[in-house]
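In: Okay, structure incoming, though there's no sequence with it:
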């Protein structure tokens, strides 16, 4: 039997993780994210995450935006790939995009292409989709969120977290990565999904060959759903 409170809590975490990966010029989304932080910090997944919540709560929007620019958007190449496809194939808009679209088409949600120029394999988009699917599943028997997790998120999330933790620029994102690590360990336990076997990193191989040029279409903070 589905635990509705747990499903709702999981959806909150996915939205909480999504917001910081969308480029922000204004503080509206960050202020919403801060409110989510104040809510989630009252029930941390692991005791060690208390320090991460405390550290994140001290960041101002300007401090967050400066680190986001340094870590994700200021360079001509990104040292942290932001698409699921890059972790799978070493390029953007690959098989992972198709897998996300396969799940998206089975749902009632659709991307508003006028407002969201990012590809469906963009990690922020995937987290938002998971949040929406989970909220929709609270009063239904659908399990599209499990499909998306097994086919896409479970495959890239560990390396994505490792990329963040390995960056010398990460401070805000380092604490966020710690929360993500605890959360996704719990996700695997809830869904009875095994961690993928460690394979040679396609993403690192491609980055070493040449600068990683992201195919993300915009640096604007745009996301919406048409139902």
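Out: Looks like it arrived, so ask away. Just so you know, these numbers come straight off a predicted model, no measurement behind them.
In: show me where this structure has strands.
Out: Per DSSP state E, the chain carries strands over the ranges 110-111, 225-226.
In: looking at those strands, which has the lowest confidence?
Out: Comparing mean pLDDT across the strands of the chain, the weakest is strand 225-226, with a mean of 40.
In: who touches residue 8 in this structure?
Out: Residue 8 sits next to 134, 135, 138 when contact means Cβ atoms under 8 Å, 6 or more residues apart in numbering. Quick note: C-beta positions are derived from backbone N, CA and C, even for glycine.
In: Look up how far residue 71 lies from the nearest residue to residue 173 once chain neighbours are set aside.
Out: The shortest distance from residue 173 to any non-neighbouring residue, by Cβ to Cβ, 6 or more residues apart in numbering, is to residue 164 (5.1 Å). From residue 164 across to residue 71, the span is 8 Å (Cβ to Cβ, to the nearest Å).
In: do the same with residue 203
Out: From residue 203 to residue 71 the distance is 16 Å (Cβ to Cβ).
In: Kindly report the same for residue 148.
Out: Here the criterion is Cβ to Cβ. By it, residue 148 lies 25 Å from residue 71.
In: Residue 98 now?
Out: Distance from residue 98 to residue 71, by Cβ to Cβ: 28 Å.
In: who wins for neighbours among the contacts of residue 8?
Out: Using other Cβ atoms under 10 Å as the neighbour criterion, residue 134 leads the contacts of residue 8 with 24 neighbours.
In: isn't it right next to residue 6, touching?
Out: No: at 9.6 Å, residue 134 and residue 6 do not qualify as touching, with contact defined as Cβ atoms under 8 Å.
In: quick check, nearest of the contacts of residue 8 to residue 108?
Out: When the contacts of residue 8 are ranked by distance to residue 108 (Cβ to Cβ), residue 135 comes first, at 11.4 Å.
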